[in-house]
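>>> Turn this into a structure:
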Amino acid sequence: MKVNKIMAFRLMLSLIMIIGFASCSKKSSSKNASRATGWNVDSKKASSNKKQEAGPGLVFVEGGTFTMGKVEDDVMHDWNNTPTQQHVQSFYMDETEVTNFMYLEYLDWLKSVFPPTEENYKYIYEGASPDTLVWRNRLGYNETMTNNYLRHPSYANYPVVGVNWIQAVEFSKWRTDRVNEAILEKNGYLKKNAKTQDVTAEASFSTETYLKAPTLTYGGNEDIVLKAKGARKSPKAGKDGKVVEQKNVYAQRSSGIILPEYRLPTEAEWEYAAAADVGQREYNIYKGQKKYPWSGSYTRSGKRQSKGDQLANFKQGNGDYGGIAGWSDDGADITNAVKQYPANDFGLYDMAGNVAEWVADVYRPIIDNEANDFNYFRGNRYTKNKIGEDGKVEIVTLETMKKDTLSNGKIIVRSFPGQIAQVPVDENETYLRQNFDKSNNINYRDGDKQSSKYYNFGDSESDTDKASSDKNMYNSPKHNVTTDSLGKMVRKYDKSSKRTTLINDEVRVYKGGSWRDRAYWLDPAQRRYFPQDMATDYIGFRCAMSRVGPKSEKRKSARN
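Numbering: from 1, shown residues only. I've put the predicted structure just below:
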């Protein structure tokens, strides 16, 4: 009898444990249950698997490995494209180059918000305007392009030229803010039509300002910057009758609707996207022996329906920019409208020919894959938000706008009212770090003191400074152009006869051939450089955007 009672007790205990486990299992399998704590959380956050939407004008480029650098011809003997194996993360890139129409939209916005007739804004519109005089030639009549190429509607869909690297970067920043401004308005976080009706010079939209301090966006105008739909009523009362302030009522990064910034592609990204190895399966292609953005070793189409047609807009030979009239080889003499030639396997147009394109990198002859072979980029300048004495971020005003004077005397505004002021990172961010130790990393391992042959590792830092002050690794001319208080240019030229190079921290890489270039330069691996504050009639640009989340949407999880 006693044994039966013990067995009955054990059976009851087992049933209680089973019921308890089932109950816990049921609770933990709840949609709103955290996998970390088991607590109920916001259902939207619990199922936060929101996919990034492609921004306007962008196409998806799935990342992967490729051989960066030239492996075939090098008739110029530049020795600046030694093959290196690199890996690029997935990203988005403009389907075409930025066109005159797209750039004019930028200029019209600047002219509307910052009228050039007003003294405070007189440099902004002019500083952003392309240099239309790049078309002139001492022994050529090109006044038609000088006067018409940028603004005539016949050239609306032609790639913009006369834009220097700095202007291209500023356009990308402007584009980021306008796209996110439209997204927030569409999702009810901004007043309808605010982006066209309520923008002023003192109160414009900045993506970073909205994310860090939304109440300061549009000058802190609460009639424009709206709260989330469920939080627009007056604050609700808590259980104890006290008023409870509602938090997180503005869009945040965790909302998943705000896009990353538009920017210039890195050199590695641009070359990877241009080569488009995704459409090839041969081993030699995988190893980087692809001469053009299309398959084959010729510039003409081999397809039956288009056999013999040129696949890009480039210079055929001396005095031949397009072929004989009536049966033109490439359909253009100068640039051509975008999408006139077949896209590559990523769906990108004109990655060879038409115009060469700025990329983000500072130029150096060697790609240092020993230091990094993942998302390679030379040009990092790390900054942080400037914090005022009150502990809040400082917002740029008309008085604190940052201006740069270029070598030709043109003034370009680099920060606008409404943006968060930026300062270089300092020891608070770099102390005891292994991955970076300063703000400016352009010269890292190629141009800094330790990479110079004059650096003596046995000397103290002060001794090294004295020994190498006039013996830099790249001793390019150091011209100094400024403006005085009256707005006149003050030019100080470096007349030293000991300069041996034009490479410095202000020259940027540009990639791809143009309408002025022979077929040799159409190879995606070719690389050249040009001063970042100068423009030409054959260099344009396109934007890129980083991808957040999975590399690809094709492969499913192993659990499925």
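>>> I'd say T482 and V490 touch.
Yes. Under the criterion of CB atoms under 8 Å, T482 is in contact with V490, at a separation of 5.0 Å. In short, each C-beta sits where N, CA and C put it, glycine included.
>>> Averaged pLDDT, the top strand by length along the chain. What do you get?
In the chain, with assignment by DSSP state E, the single longest strand is strand 356-362. Taken as a whole, strand 356-362 has a mean pLDDT of 98.
>>> Kindly report the same for stretch 40-58.
Within the predicted structure, the mean pLDDT of stretch 40-58 is 74.
>>> Adjust the sequence numbering to begin at 26 for everything that follows.
In the new numbering, first residue 26, that becomes stretch 65-83.
>>> Now the terminal residues of that stretch, how far apart.
For stretch 65-83, the first and last residues are 38 Å from each other (CA to CA, to the nearest Å).
>>> For the nearest residue to C568 once chain neighbours are set aside, grab phi and psi.
Distance criterion CB to CB, 6 or more residues apart in numbering; nearest residue to C568, sequence neighbours excluded, is Y287 at 4.5 Å. Per-residue torsions, Y287: phi -70, psi 140 (degrees, to the nearest 10).
>>> isn't Y287 right up against G80?
Yes. Applying CB under 8 Å, one finds Y287 in contact with G80, separated by 6.8 Å.
>>> Comparing those two, which shows the higher neighbour count?
Under the criterion of other CB atoms under 10 Å, the comparison of Y287 against G80 puts Y287 first, with 25 against 19.
>>> Now stretch 199-211: buried residues?
Neighbour-count burial for stretch 199-211, counted by 16 or more other CB atoms under 10 Å, picks out W199, R200, T201, D202, R203, V204, N205, E206, I208, L209, E210.
>>> for it, the distance to its chain's centre please.
Centroid separation between stretch 199-211 and its chain, computed with CA atoms, centre = their mean, to the nearest Å, is 16 Å.
>>> Same question for stretch 435-443.
Mean C-alpha position of stretch 435-443 versus that of the full chain (CA atoms, centre = their mean) differs by 18 Å.
>>> Pull the residues that contact that stretch.
Surrounding stretch 435-443, the residues in contact under the criterion CB atoms under 8 Å, 6 or more residues apart in numbering are 148-149, 151-153, 191-192, 195, 226-231, 234, 242-244, 420-423, 425-431, 446-447, 508.
>>> try 6 Å
Outside stretch 435-443, the residues within contact range by CB atoms under 6 Å, 6 or more residues apart in numbering are 148-149, 152, 191, 226-227, 229, 231, 421-423, 426-430.
>>> again, but for stretch 334-354
Outside of stretch 334-354, the residues within contact range by CB under 6 Å, 6+ apart are 319, 324-326, 355, 357-358, 361, 366, 377-379, 538, 540-544, 547.
>>> Any of those residues buried? List them.
Those of the contacts of stretch 334-354 that meet the buried threshold are 319, 324, 326, 355, 357, 361, 366, 377-379, 538, 540-542, 544, 547, by 16+ other CB under 10 Å.
>>> Over to G89: give its phi and psi.
Main-chain torsions, G89, degrees, to the nearest 10: phi 170, psi -170.
>>> Thanks a lot, catch you later.
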